[in-house]
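*Asks:* Need coordinates for the following:
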Amino acid sequence: MRQIIATDRAPAAVGPYSQAVRYGNLLFLSGQVAINPENGEIERGTVAEQTRRTLQNIKGVLEAAGSSFDQVLKCNVYLADISYFDEMNQVYKEFFGHDYPARLCVSGVQIYGGLAVEIDVIAGI
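*Replies:* Purely as a prediction, here's the structure:
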């Protein structure tokens, strides 16, 4: 029942983890950050730009597994600083519409590459 999901529409997994794991009708995505999957470069733009790239990467993994943002059940959002919350949230709303998933937001964490935002999700398929 366990299936590893990999796609070139999100940054390649570099290390001992998978982009996502499907188990039955559930999909568990690893954390995504603002890395361009086409060239592997970190995108250090504004918090809004980092959030947008991160969610585009998540979209690529979701679609590779046959899922979508409409099927996301839970999001975990990690922010380097709580002052980034409003800027992240404005972009976040663009991807989820009106029926929002459950969510956790943690701040004050160190994120890969010194970035401002990391997000992981659990979705249905």
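
*Asks:* Show me which helix runs longest in the protein.
*Replies:* helix 47-64 (DSSP state H).

*Asks:* Quick check: Ala116 touching Val47?
*Replies:* Yes: the criterion here is C-beta atoms under 8 Å, and Ala116 meets it with Val47 at 4.9 Å. All C-beta atoms are positioned from the backbone trio N, CA, C, and that covers glycine.

*Asks:* Would you map the strands across this protein?
*Replies:* Using DSSP state E, the strands of the chain run over 2-5, 20-23, 26-29, 72-79, 102-107, 117-124.

*Asks:* Who are the packing partners of the last one?
*Replies:* If I follow you right, that is strand 117-124. strand 26-29, helix 47-64, strand 72-79 (3 or more C-beta pairs under 8 Å, 6 or more residues apart in numbering; DSSP states H and E).

*Asks:* Quick check: buried residues in that strand?
*Replies:* 117-123 (16 or more other C-beta atoms under 10 Å).
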